[in-house]
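Student: Need a 3D model of the sequence below.
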Amino acid sequence: MTVTGGLRKFGGHTFASVTVKNYRWYFAGALVSNVGTWMQRTCQDWLVLVDLTDHSSTSLGYVTALQFLAMPFLAPYSGAVVDRFAKRSVLRVTQALLGLNALWLWLLVVTGSVVLWQVYLFALAQGVITSFDSPARQALVSEMVRGELIPNAVGMNSMSFNAARIIGPGLAGLLIAAFGVGPGMLVNALSFAAMLGALGVMDVGGLHPPVPRKGRGATREGLVYVWHHPEIGSVFIIAFMMGTFGMNFQITNATMATEVFGRGAAQYGALGTIMAVGTFGAAIIAARRRNPRVRTLMIGLAGFTAADTALALSPNYYVYAALLVPTGLCALTVLTCSNSAVQMASAPQLRGRVLALYAGLTMGGTPIGAPIVGWVGDALGPRWSLLVGSAATGLTFGGVLVHHMVRRGLRFDRHGMHRAPEAIGHLD
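Tutor: Predicted coordinates:
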């Protein structure tokens, strides 16, 4: 039996995209690189929180914010670059630069010369490079696979990312406890070679790129396209609020583990691994989902709000750790549904620009949210940092639900929810 035939028999629709040779190379390279990325995140957070400051969640919030500061400003332009040049070529440049950036920070750490402002600078540089890397990676997916396989490939990407999230933080925590933050950072720097190798062996003839966009006005064209597609705009709002206030677990897990529960590096690293169990489960479900649905997205958003609130009220480390599983599942359900919806709703020749704007909102809101969450943690306590996130996503759920009901002509009264009579003729 062939490899692709075996995968079809074993996984059915779940692993459908892996039967495409180019995507198979991409998936393997991304998995190795993602393990390194999660090790780096854990090591960097520990470096700032413990080695360079006296458990300052505000400083950690600044580092997190700087990683994403460039994204909202560069998103319109990075998307135009991605739509103008071959995505594979763009990725070869960005992946090499990310590897060099990580290697340089590792050298400062192992020589004992690293100071906090240098970590800030490297975080900012990483964000600038990622502004081009992220939309190129996402847009390349729809060139490797086609049509109905796009949601599956998005789910497979999440599976890779979250499988690495299971392995990376736990391994980093063990390395930190035994040797410090240096080894984990070196692994990350070297892991980019796997992605570069995967890009190098791809069959260019098996890719299906759209006609590249040339000439002036590309940036404006992308903005106008999103403005005239409200179904994309509503997804953008959800992604922005999740990225800005909901997905700050780099800060909240670190402060809850160390300050509230009095745990060390290994236990902190374990929280990332435990949360990844939930996100990995959501990724498997997403890979099996053929079409993203508004209902699924909204259920995920409501579930995340409830789970995040429960995290803030956790009485001990073990309850907190257990609640990270449903929190991760709901969070990734929202993000995979959003990503699939944006990819499928975008015209191929504008997909790079639309995905760049999506990434800019999803991750670019972090420079706003991370310092706020960090400051709240320092001023009121880590539990309040989580409550800020749950309040923001709860308000988003309510606002989007009302907007969706109004667009569909739905209303509540004493008999329950139904369409308003004046809207029935228009909608049916």
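Student: In the stretch 301-428 of the chain, where is pLDDT below threshold?
Tutor: When residues are selected by pLDDT under 70, those of the stretch 301-428 of the chain lie in 348, 364, 404, 407-428.
Student: Quick one: the strands in it, in order.
Tutor: 410-413, 416-419 (DSSP state E, counting those that start in this stretch).
Student: remind me, longest helix of this protein?
Tutor: Identified as the longest helix of the chain according to DSSP state H is helix 149-179.
Student: So which elements touch it?
Tutor: In terms of contacts (3 or more C-beta pairs under 8 Å, 6 or more residues apart in numbering; DSSP states H and E), helix 149-179 is packed against helix 21-46, helix 116-144, helix 182-201, helix 265-288, helix 317-345. No exception for glycine: its C-beta is placed from N, CA and C like everyone else's.
Student: Can you list the buried residues in that helix?
Tutor: Buried positions in helix 149-179, judged by neighbour count with 16 or more other C-beta atoms under 10 Å: 149-176.
Student: now stretch 136-148
Tutor: 136-145.
Student: Which residues does that stretch contact?
Tutor: Outside stretch 136-148, the residues that touch it by C-beta atoms under 8 Å, 6 or more residues apart in numbering are 17, 20, 22-23, 26, 30, 82-83, 87-88, 90-91, 94, 150, 152-154, 157, 206-209, 290, 339, 343, 348, 351-352, 355, 359.
Student: tell me the average confidence for that stretch?
Tutor: Averaging pLDDT along stretch 136-148 yields 82.
Student: could I get that stretch in CSV with only the CA atoms?
Tutor: These are the backbone C-alpha positions of stretch 136-148, laid out as CSV (Å, rounded to 0.1, in the frame of the first residue of the first chain):
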residue,chain,number,x,y,z
ALA,A,136,3.0,34.1,2.9
ARG,A,137,2.7,30.8,4.8
GLN,A,138,-1.1,31.0,4.9
ALA,A,139,-1.4,32.0,1.3
LEU,A,140,0.9,29.2,0.2
VAL,A,141,-1.5,26.6,1.6
SER,A,142,-4.1,27.4,-1.0
GLU,A,143,-1.5,27.0,-3.7
MET,A,144,-0.5,23.6,-2.5
VAL,A,145,-4.1,22.3,-2.0
ARG,A,146,-7.2,23.4,-3.8
GLY,A,147,-10.9,24.0,-3.2
GLU,A,148,-12.5,21.8,-0.5
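Student: Just give me the neighbour total for the closest residue to Leu98 other than its chain neighbours.
Tutor: Nearest residue to Leu98 in three dimensions, chain neighbours excluded: Ile129, at 5.4 Å (C-beta to C-beta, 6 or more residues apart in numbering). Around Ile129 there are 19 other residues, counting by other C-beta atoms under 10 Å.
Student: Going forward, the N-terminal residue is numbered 47.
Tutor: Got it, first residue is 47 now, which makes that one Ile175.
Student: residues near Tyr364, how many?
Tutor: 10.
Student: Give me the distance between it and Ser79.
Tutor: 32 Å (C-beta to C-beta, to the nearest Å).
Student: Only the buried residues of stretch 379-395, if you could.
Tutor: Using 16+ other C-beta under 10 Å as the test for burial, stretch 379-395 gives 379-390, 392, 395.
Student: which residues does the residue nearest to Ala437 when sequence neighbours are not counted contact?
Tutor: Once flanking residues are discounted, Ala437 sits nearest to Phe291: 7.9 Å by C-beta to C-beta, 6+ apart. Neighbouring residues of Phe291 by C-beta under 8 Å, 6+ apart: 411, 415, 418-419, 434-435, 437-439.
Student: And what about Phe291, helix, strand or coil?
Tutor: Following DSSP: H, G, I helix; E, B strand; the rest coil, the label given to Phe291 is helix.
Student: you'd agree Val306 is up against Pro428?
Tutor: Yes - using C-beta atoms under 8 Å, Val306 makes contact with Pro428 at a distance of 5.4 Å.
Student: Show me which of those two is the more surrounded one.
Tutor: Under the criterion of other C-beta under 10 Å, the comparison of Val306 against Pro428 puts Pro428 first, with 24 against 17.
Student: Can you check the pLDDT for the residue lying closest to the more buried one once chain neighbours are set aside?
Tutor: Excluding the flanking residues, the one nearest Pro428 by C-beta to C-beta, 6+ apart is Thr301, at 3.9 Å. On the pLDDT scale, Thr301 is placed at 85.
Student: what's the helix or strand hosting Thr301 packed up against?
Tutor: Here Thr301 is covered by helix 295-301, with elements defined by DSSP states H and E. Using 3+ C-beta pairs under 8 Å, 6+ apart, the elements in contact with helix 295-301 are helix 67-92, helix 103-114, helix 311-334, helix 412-426, helix 428-454.
Student: that older thread, export the buried residues of stretch 182-194 as CSV, with columns for distance to Val452.
Tutor: Formatted as CSV, those follow (distance: C-beta to C-beta, whole Å):
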residue, distance to Val452
Ala182, 37
Arg183, 36
Gln184, 31
Ala185, 33
Leu186, 37
Val187, 34
Ser188, 32
Glu189, 37
Met190, 39
Val191, 36
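Student: Farthest-apart pair in those, please.
Tutor: Comparing every pair within the buried residues of stretch 182-194 by C-beta to C-beta identifies Ala182 and Val191 as the most remote, at 15.8 Å.
Student: Report the contact partners of the closest residue to Tyr314 other than its chain neighbours.
Tutor: Excluding the flanking residues, the one nearest Tyr314 by C-beta to C-beta, 6+ apart is Ala303, at 4.1 Å. With contact set as C-beta under 8 Å, 6+ apart, Ala303 has these partners: 309, 313-314, 317, 363.
Student: Thank you, goodbye.
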